[in-house]
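Peer 1: Sequence unavailable; structure follows:
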């Protein structure tokens, strides 16, 4: 009985170890990317493993400097021709598991900014930010919009076929109708789809104006930080996260927008559970600095309308998500006036991402002066570029409320895909699409 029990324990243990090993192998295969992006002329160390390696296949000599087909790192040739190379993921150097594409991306140099900017945008349509009640001329309280089915976050596009662009358009149409007893048809956009809502306005007791019981907003203004600009085309990217309505949390669809030069007038220092803020002043109110074309969940993008003065910061190469490492780095940001300064941070964790995601890394402010001045990361610092190994690798996006010295950063790779500097086209061309 004792021998049988020991044998069973041995068999079960062996089975468990085997299952764990197979699970680990399958997980590694699943996690290993089908495509690896590499920048022309840069040394790139590939993911390494004791049981897996990459073996170059096909005609790769025109693209890659490699002494052997079995590779752990390589340098791309500057005069690459094909834009890509192929490799097999090998198990123990013997069994090919899957084919990997190495996308060769031309080196893109951008200027990291860190400059404080004022942001003003007007949305497409008018955003519903609240529902309210109305007291009609008979003294009855009602809420026509709520009863009709309006929701916070709805975007009003048209009223009875008439385009709505500003808050005043709604008031004017409601009160200039010929038949004020009829219901009106309101075209709204909700969660990406459009629908008609029918509502009957009521005459307000207080001012005799027809209302439907909505709080709406058509423009937003604030202060943020420019992340980079591309000197050849003056395309810029900023914030690292999208502009959302403060009440509804909806990403604002831009009708028009601009950035204005700004200076930091004061700082509300961050404390635990209390977010801080950079208080900025627009000092060129009527002097447009740039036009905003896009508002995405990865930042705002547009084109500078004026040529930049020679910057103390020279153009630098970008670092892909796979090239970010844990360790020391710098951020560029503005906390006094309009002076861009450099501060020390530490990248504590890198989140390897196969596709665009906003939280690419966890960072911690280590610079004593910055902590003394701001308490860490505060509102208005979003977009501050992160420099590591003399490459622009990302920017600051969010702060951890429970510890304002810590926050999140987004990979610059994802921001460049959103910006119109042909990065996406180059990536597709490099992949042979």
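Peer 2: Now that the structure is in, tell me what you want to look at. Quantities reported herein were computed from a predicted structural model and do not represent experimental measurements.
Peer 1: Contacts only, for the residue nearest the centre of the chain.
Peer 2: With distances taken as CA atoms, centre = their mean, the residue of the chain nearest its centroid is residue 298 (1.7 Å). The contact partners of residue 298, taken as CB atoms under 8 Å, 6 or more residues apart in numbering, are 240, 241, 242, 356, 358, 410, 414, 415, 418. Just so you know, the C-beta spots here come from the backbone N, C-alpha and C atoms, and that holds for glycine as well.
Peer 1: I'd like to know which of these is nearest to residue 383.
Peer 2: Lowest distance from residue 383 to the contacts of residue 298 (CB to CB) belongs to residue 240, with 5.2 Å.
Peer 1: a strand runs through that closest one, doesn't it?
Peer 2: No: assessed by DSSP: H, G, I helix; E, B strand; the rest coil, residue 240 does not belong to a strand; its assignment is coil.
Peer 1: Surely it and residue 296 touch.
Peer 2: No: with contact defined as CB atoms under 8 Å, residue 240 does not count as touching residue 296 (10.4 Å).
Peer 1: In terms of neighbours, single out the busier of these two.
Peer 2: Between residue 240 and residue 296, counted using other CB atoms under 10 Å, the more crowded position is residue 240 (32 against 20).
Peer 1: how close does that one sit to residue 224?
Peer 2: Per CB to CB, to the nearest Å, residue 240 is found 9 Å from residue 224.
Peer 1: what do the two both touch?
Peer 2: The contact sets of residue 240 and residue 224 overlap at 382, 383 (CB under 8 Å, 6+ apart).
Peer 1: on that earlier part again, quick one: the contacts of residue 298 as a markdown table, columns for pLDDT and distance to residue 315 too.
Peer 2: Below are the contacts of residue 298 laid out as a markdown table (pLDDT from 0 to 100; distance: CB to CB, whole Å):
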| residue | pLDDT | distance to residue 315 |
| --- | --- | --- |
| 240 | 91 | 19 |
| 241 | 90 | 24 |
| 242 | 87 | 26 |
| 356 | 76 | 24 |
| 358 | 83 | 25 |
| 410 | 94 | 20 |
| 414 | 89 | 20 |
| 415 | 91 | 16 |
| 418 | 84 | 19 |
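Peer 1: Let's have these in CSV, adding distance to residue 55.
Peer 2: Shown next, in CSV, are the contacts of residue 298 (distance: CB to CB, whole Å):
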residue, distance to residue 55
240, 38
241, 40
242, 42
356, 30
358, 35
410, 34
414, 30
415, 34
418, 35
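Peer 1: In PyMOL, select just the buried ones from the residues you listed.
Peer 2: In PyMOL, a selection of the buried entries from the contacts of residue 298 looks like this (16 or more other CB atoms under 10 Å):
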select buried, resi 240+241+242+356+358+410+414+415+418
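Peer 1: closest to residue 204 among the contacts of residue 298?
Peer 2: residue 242 (35.3 Å).
Peer 1: contacting residues around the closest one?
Peer 2: 251, 252, 295, 296, 297, 298, 299, 300.
Peer 1: Isn't the second one up against residue 219?
Peer 2: No: between residue 252 and residue 219 there is no contact under CB under 8 Å: 9.2 Å.
Peer 1: Comparing the two, which shows the higher neighbour count?
Peer 2: residue 252 (22 against 16).
Peer 1: contacting residues around the more buried one?
Peer 2: Shown in contact with residue 252 (CB under 8 Å, 6+ apart): 121, 123, 127, 220, 242, 243, 244, 245, 295.
Peer 1: circling back: who touches both of residue 252 and residue 219?
Peer 2: In terms of CB under 8 Å, 6+ apart, residue 252 and residue 219 are both contacted by the residues 121, 123.
Peer 1: Now do the strand or helix carrying residue 101: which elements does it pack against?
Peer 2: Assigned by DSSP states H and E, residue 101 belongs to strand 95-105. Applying 3 or more CB pairs under 8 Å, 6 or more residues apart in numbering; DSSP states H and E, one finds that strand 95-105 makes contact with strand 35-39, strand 52-57, strand 84-91, helix 423-430.
Peer 1: redo that, cut-off 10 Å
Peer 2: helix 2-31, strand 35-39, strand 52-57, strand 73-76, strand 84-91, helix 423-430 (3 or more CB pairs under 10 Å, 6 or more residues apart in numbering; DSSP states H and E).
Peer 1: What backbone torsions are found at residue 171?
Peer 2: phi -60, psi -50 (degrees, to the nearest 10).
Peer 1: so it touches residue 177, yeah?
Peer 2: No: with contacts counted by CB atoms under 10 Å, residue 171 stays clear of residue 177, the gap being 11.7 Å.
Peer 1: hey, where'd the strands end up in the stretch 251-400 of the chain?
Peer 2: 254-268, 277-282, 288-296, 299-304, 316-317, 327-336, 339-350, 361-365, 385-388, 391-400 (DSSP state E, counting those that start in this stretch).
Peer 1: Give me the buried positions along the first one.
Peer 2: Buried residues in strand 254-268, defined by neighbour count with 16+ other CB under 10 Å: 254, 257, 258, 259, 260, 261, 262, 263, 264, 267, 268.
Peer 1: So which of these is the closest to residue 153?
Peer 2: residue 254 (16.4 Å).
Peer 1: State the distance from the closest one to residue 122.
Peer 2: 7 Å.
Peer 1: swap in residue 272?
Peer 2: Counting by CB to CB, the gap from residue 272 to residue 122 is 36 Å.
Peer 1: In terms of neighbours, single out the busier of these two.
Peer 2: Neighbour count, other CB under 10 Å: between residue 272 and residue 122, residue 122 has more, with 16 against 12.
Peer 1: For that one, list each beta-bridge partner.
Peer 2: When assigned by DSSP bridges, residue 122 has beta-bridge partners residue 219, residue 256.
Peer 1: How about residue 346?
Peer 2: In this entry, residue 346 is beta-bridged to residue 328, residue 364, by DSSP bridges.
Peer 1: correct me, but residue 386 touches residue 225?
Peer 2: No: using CB under 10 Å, residue 386 makes no contact with residue 225, being 11.5 Å away.
Peer 1: Show me whatever sits in contact with both of those two.
Peer 2: Here residue 386 and residue 225 have 240, 331, 332, 395, 396 as joint contacts, going by CB atoms under 10 Å, 6 or more residues apart in numbering.
Peer 1: Can you name the residues that contact the closest residue in space to residue 293 that isn't next to it in sequence?
Peer 2: Closest residue in space to residue 293, ignoring its immediate chain neighbours: residue 302 at 4.7 Å, by CB to CB, 6 or more residues apart in numbering. By CB under 10 Å, 6+ apart, the contact list for residue 302 reads 229, 234-238, 254, 257-259, 289-295, 419-420.
Peer 1: do the same with residue 269
Peer 2: Per CB under 10 Å, 6+ apart, neighbours of residue 269: 276, 277, 371, 372, 373, 374, 375, 376, 378, 404.
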